[in-house]
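[1] here's a sequence, model it:
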Amino acid sequence: MKKGIFITIEGPDGSGKSTQIESISAFLSEIGIKAVITREPGGTNISEKIRELVLDKNYPEMDHKTEALLYAAARAQHVAEVIKPALARGQVIICDRFMDSSIVYQGYGRRLGEPVRMINEFAVDGCMPDITFLMILDPNVGKSRIEKEMQDRLELEQIEFHTEVFRGYMELEKRYPERVIGINASRSIEKIHGEIRQHLTSLLRAKDEIE
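    Below you'll find the model as predicted:
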């Protein structure tokens, strides 16, 4: 059995990740591929419980290191329980956020640096995406798209935090050009999906999933 394909979607809050995940899933379905759709933090019972805790706006006192470790813990469970087994079965996985989010939100946004990468490499145990679509959008625009009463603990952070997160994403795109594909998310949904579809088609052909 062939190893599955691991696709992740990254980007600032409000950049349209959820919409494009739905479009990717629909595209794959059209060509006969049923994808497993999951998210981070979350994807398992344990990880969803951690998600509730780490994003709860009622805990503004949460230490930055505690936050980073909770994300890594949720990810370790997600990888062990969902992602690795699905890949072993040869399935295609689409994940809303993954390790890159911790690198930029805690490593850059919280200024915790290299330790974030180290704890997450331990958490994922060598399981990395085949391709990552990075939705590039000005953090001011993304933040304005989410009603304040709907914002979680991290979304409520000041724009300076989100600007550092965005800078982190731009650094990752430069550092991993073979995996991280930057997508201009200020365009129409249709144009964004068209570009993503082209990249996915190339990946699926390279993996012998389609002709």
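[2] can we go C-alpha only for contacts and neighbour counts from here?
    Fine.
[3] in the helix or strand bottoming out on mean pLDDT in the chain, which residues are buried?
    Counting by mean pLDDT, DSSP states H and E, the chain has its least confident helix or strand at helix 139-144, which shows a mean of 81. Across helix 139-144, burial judged by 16 or more other Cα atoms under 10 Å covers 139, 142-143.
[4] again, but for stretch 118-137
    119-121, 123-124, 127-129, 131-137.
[5] packing partners for the helix or strand harbouring Ala72?
    Assigned by DSSP states H and E, Ala72 belongs to helix 64-78. Helices and strands touching helix 64-78, by 3 or more Cα pairs under 8 Å, 6 or more residues apart in numbering; DSSP states H and E, are helix 45-55, helix 99-102, helix 114-124.
[6] one more time with 10 Å, if that's ok
    strand 35-39, helix 45-55, helix 99-102, helix 114-124 (3 or more Cα pairs under 10 Å, 6 or more residues apart in numbering; DSSP states H and E).
[7] after the least confident helix or strand of the chain, next one along is what?
    Defined by DSSP H and E, the subsequent element after helix 139-144 is helix 159-175.
[8] pLDDT weak spots in this protein?
    1, 209-211 (pLDDT under 70).
[9] residues contacting Glu114?
    103, 106-108 (Cα atoms under 10 Å, 6 or more residues apart in numbering).
[10] from Ser18, how far out is the most centrally placed residue in the chain?
    Geometric centre of the chain, nearest residue: Arg97, 1.4 Å, by Cα atoms, centre = their mean. Distance, Arg97 to Ser18, using Cα to Cα, to the nearest Å: 10 Å.
[11] between these two, which contacts overlap?
    What both Arg97 and Ser18 touch, as defined by Cα under 10 Å, 6+ apart, is the set 9, 39.
[12] tally of neighbours for Arg205?
    Here the count is done by other Cα atoms under 10 Å, and Arg205 has 11 residues near it.
[13] now do the phi/psi pair for it.
    Backbone torsions for Arg205, taken as degrees, to the nearest 10, come to phi -70, psi -40.
[14] again with Phe98
    phi -160, psi -150.
[15] how deep is it tucked in, by neighbour count?
    The burial count for Phe98: 25, using other Cα under 10 Å.
[16] who are the contact partners of it?
    So Phe98 contacts 7-10, 39-41, 71-72, 75, 78-79, 120, 124, 128-129, 132 (Cα under 10 Å, 6+ apart).
[17] same thing with Thr38?
    8, 21, 44, 78, 82-83, 93-97.
[18] go through these and say which is closest to Arg51.
    The closest of those to Arg51 turns out to be Thr44 (Cα to Cα; 10.1 Å).
[19] from Met99, how far out is the spatially closest residue to the closest one that is not a sequence neighbour?
    By the measure of Cα to Cα, 6 or more residues apart in numbering, the closest residue to Thr44 outside its immediate chain neighbours is His78, 6.0 Å from it. As judged by Cα to Cα, His78 and Met99 stand 11 Å apart.
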